[in-house]
Structure formats: C-alpha cells, structure tokens
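**Student:** prediction below, plus the sequence it came from.
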Amino acid sequence: MNDYLQSLKGRKQKWFGLKLPVKTALAQPFLHPMLRTLAPHISGIRIGRLPAPIGLTEVRGRAGGGNFYLVDPFRCEIAKEFYWGKGRRTEEEDAFALDLMVELSRDADVFVDIGAYTGVFTMAVLAANPDAIAHSFEIIPAVVTGLERNIARNRLGDRVTVHPTGVGRPGTTMQVPTGDGGSALPSFYSTGMDFDSGAEVRFTSLDELLPDLPPGRPTVTVKIDVEGAENDVLDDGRELLDTLRPDILCEVLDDRARPEQLMHVLDRFDYHYYLVGGDHLVARDEIVPDPHLRDWLFTTKNPEDMRVAGYPIR
C-alpha cells in the first residue's frame, strides 16, 4: 500500500509544504486588501481558489431564492468561493449546478447529499424548501465537523441527519485522514486512494437508506460527489432507483469515470442524461465525460418534459 499523502501527487497538492504558510500570509490583514483589489483584474486567475481573510468567520450564500450561511471560509474551500463570488460560487457552471439542484428539489420531501463536504447543497436546498429533510454523507472527520457547524449555524439540526459514513459497497471500510490541520478541509479524497493512517470509515449502501425515508413514495433528489466512486453508489442503490426514480446531480470526472458501467445501471430505470453547462443543460444519448464540465443530471424526464418545466435545454 502506498500512502497517497506521501506520493508525488499528494505532496504537490500541498505545494511540498508551502501551501499553508503562503495562504496564511495572503489572508493577513496587511496583505489581503491588496489581493482583494488586484486579483479580479489578473487574467487567467481563478479567484475562487484564493484565500479568504483569516479573521472572517462566515459568509452568506444564495441560490434559487434561498439564503444560507457557511462558516470558516479560511479552511472551507466552498465557503471561500462564496466570499470571492459575493454570495455565489465563482465558476458559472458550479453556480448553475447549485441553482439547478435547488430547483429540482423545490417540492422534494427528502434531499440526499452524498459526498456532502461542508454541506453547501444541503444548506441551499433546505433554505429554499422549508418542508424538506436531508440525509448528508461525509467520510472525513474534520469535514463532518464543518458540516455539523454549518447545520447548527443555519438552525437545521432537526431537518438534517448527518452520516459520517461512505456510500457504496455495504460492509466495507477504509482508512481516511482526519482532515485536521493543513491549508484547507480536504475535498478530493476517494475510495481509489490508499492511506497509511487515519480514521476507519465504514460504508453503507444507498438501498440501506430506504427504511429511514418517510413512508409511501416520497419525492427524493440526490447529489453525488464521490471522486469517481459513483458507480458503486448507484450499483448498490438499485432498489431505491427502481422505487423512487430520484433526480440525480452527479459529478463525473474525465479521468476517473466508468461511464459504461454507470449507464448499465441507469439505463434499466429509463434515465436520461444531461451535461450541466454554464447556464443550460445539454441532452446526451450517452454519458461521455467532459474534460471541462464535471456535473451531469440523471433524470427520468425527457428533454421535452424538461423544457415544459422551464429548464434550459440544448
């Protein structure tokens, strides 16, 4: 077993130990105002990746008409985007994906957030739909703490069930770093990585969530962001897919996806495929990972149904 954190890729991710001190310096009161002024005018820079001020405790976000808060923008990668984007995500396709999930969940009874990170989708969906409840899954202990802090800040404790578990092959486990320390709460760990130490996390299946849902046939929407493990999530969620046919927003990474296996599961339940663009959806006959756009919508609604419902389809 090779520890990902000691690999060349893992060490590069942390700039060989320089990332935290550089980020901390740029977040200080004497440097950050200059960064804030100059950064938006520098061509090619992605401002959402720059640090937020070190003393900032929270940011306010908005999506689909709802408002919510995210805490600790210095360490939370999503919260700092909302700082730089003045309440919105900084990349247009990410902002559109969040609005899309909120709109799809407008009348949902349950929102399932798999790979929740610190819960931006959970916060946004529940802010816009006061009748929905959420089940949010996250495997990294420090990130789970961040998720719980956001739930408390938004006063959603009675509407969100936090699952500090993975979703995939039931009964399996993996070691993951706790996520403490470092320049940011990690957002890219996956089941395809090996770690020499950390917390042991167990995995449950999507189907095992069924008994915890409201009786009858509740309307359910799902967001999946599991860094290439979406096949395992859906493969062991066939009963839920068959019973409830949820709308699913799913990250499909160009370098990790297994689209043939993904379609093998979804095709049997008559799902349609839409690539999520900057301000529209692109109807596709097959899932073909895009090198620039990560998110896909899987739904049983055909393009005409989506157009009638007011969604921008190309």
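**Tutor:** Good, I have the coordinates.

**Student:** what distance do you get for Asp290 to His280?
**Tutor:** 14 Å (Cβ to Cβ, to the nearest Å). No exception for glycine: its C-beta is placed from N, CA and C like everyone else's.

**Student:** neighbours around Asn67, how many?
**Tutor:** 14 (other Cβ atoms under 10 Å).

**Student:** what comes up buried for the host helix or strand of it?
**Tutor:** Following DSSP states H and E, the helix or strand that holds Asn67 is strand 66-71. By neighbour count with 16 or more other Cβ atoms under 10 Å, strand 66-71 contains the buried residues 66, 68-71.

**Student:** other residues contacting that strand?
**Tutor:** 57-62, 76, 78-79, 82, 102, 118, 120, 123-124, 126-129, 146, 149-150, 153-154 (Cβ atoms under 8 Å, 6 or more residues apart in numbering).

**Student:** what's the most distant pair in the buried residues of strand 66-71?
**Tutor:** Gly66 and Val71 (17.2 Å; Cβ to Cβ).

**Student:** ranges for the helices of this structure?
**Tutor:** 8-13, 19-26, 32-38, 77-84, 92-104, 120-128, 141-153, 230-235, 238-244, 259-266, 303-308 (DSSP state H).

**Student:** pick the most buried one from those.
**Tutor:** Per-stretch averages of neighbours, counted by mean count of other Cβ atoms under 10 Å, single out helix 120-128 among these, with a mean of 26.

**Student:** ok, Ala132 - contacts?
**Tutor:** 105, 108-111, 125-126, 159.

**Student:** ah, wrong one, I meant Tyr274
**Tutor:** So Tyr274 contacts 281-284, 296-299, 306, 313 (Cβ under 8 Å, 6+ apart).

**Student:** let's see that with 6 Å instead.
**Tutor:** 281, 283, 297 (Cβ atoms under 6 Å, 6 or more residues apart in numbering).

**Student:** check Pro51 too.
**Tutor:** 23, 26-27.

**Student:** how close does it get to Leu100?
**Tutor:** 28 Å.

**Student:** how about Leu234?
**Tutor:** 19 Å.

**Student:** for Ile45, same thing?
**Tutor:** 26 Å.

**Student:** quick one: least confident helix or strand in this structure?
**Tutor:** When the helices and strands of the chain are scored by mean pLDDT, DSSP states H and E, helix 8-13 comes last with a mean of 52.

**Student:** how many neighbours does the closest residue in space to Pro218 that isn't next to it in sequence have?
**Tutor:** Among residues not flanking Pro218 along the chain, Asp109 sits closest, at 3.9 Å (Cβ to Cβ, 6 or more residues apart in numbering). Residues near Asp109, counting by other Cβ under 10 Å, number 18.
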